[in-house]
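>>> structural data only, the sequence is not supplied:
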């Protein structure tokens, strides 16, 4: 998997918000959806144009850690670390660390947007039911298997919004 493929898997779940905010067209959304679903290449330039806030934050993480900004390691460091810290409110970026999160984002959306790791406990035709830790609780959530269709019951996956984005084991 290329860094561009991995980035799209993690970023795509946020794309519907970009349509709602009129930042991209429905046609652009559908093109990205098809690329994500079918593992079609998307240029880095297109990804940078479509997801400028995530890219700016990734560049800041890369600079802090001395990493290449568009590498698998940095993509995971950003989405599993900084992205979640922003959503939880535990990280307030300086201008050099990328744009701040929209303060008006509802708490329910913030929770859905967290990148969470969980175990598949049920598999349907187009979805998984995933069990995951949420604080001291164990919760279950149905997520689309569109971006990680090769997982099986018992596999550990990462999920973002309503999508399984990557099989971990």
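Received the coordinates, thanks. These numbers come from a predicted model, not from an experiment.

>>> from residue 79, how far off is the closest residue to residue 117 other than its chain neighbours?
In space, and not counting its chain neighbours, residue 117 is closest to residue 158: 5.3 Å by CB to CB, 6 or more residues apart in numbering. For glycine as for every other residue, the C-beta is placed from the backbone atoms N, C-alpha and C. Distance of residue 158 to residue 79, computed by CB to CB, to the nearest Å: 8 Å.

>>> swap in residue 69?
Applying CB to CB, the value for residue 69 to residue 79 is 13 Å.

>>> which of those two has more neighbours?
residue 79 (25 against 18; other CB atoms under 10 Å).

>>> for my notes, confirm that one occurs in a helix.
Yes. Counting by DSSP: H, G, I helix; E, B strand; the rest coil, residue 79 falls inside a helix.

>>> using the three-state scheme, assign the closest residue to it other than its chain neighbours.
Closest residue in space to residue 79, ignoring its immediate chain neighbours: residue 10 at 4.6 Å, by CB to CB, 6+ apart. Using three-state DSSP, the structure places residue 10 in helix.

>>> I'd say residue 10 and residue 74 touch.
No. Here residue 10 does not reach residue 74: they are 11.6 Å apart, not a contact under CB atoms under 8 Å.

>>> hey, which helix or strand in this structure has the poorest pLDDT?
Least confident helix or strand of the chain, by mean pLDDT, DSSP states H and E, is helix 107-113 with a mean of 87.

>>> what's residue 5 in contact with, if anything?
By CB atoms under 8 Å, 6 or more residues apart in numbering, the contact list for residue 5 reads 39, 41-42.

>>> mind checking which of these land in strands?
Among those, no member is found in strands (DSSP state E).

>>> surely residue 166 forms part of a strand?
Yes. Counting by three-state DSSP, residue 166 is part of a strand.

>>> report pLDDT for the nearest residue to it once chain neighbours are set aside.
Among residues not flanking residue 166 along the chain, residue 158 sits closest, at 4.7 Å (CB to CB, 6+ apart). What the model reports for residue 158 is a pLDDT of 98.

>>> give me the phi and psi for residue 96.
phi -70, psi -20 (degrees, to the nearest 10).
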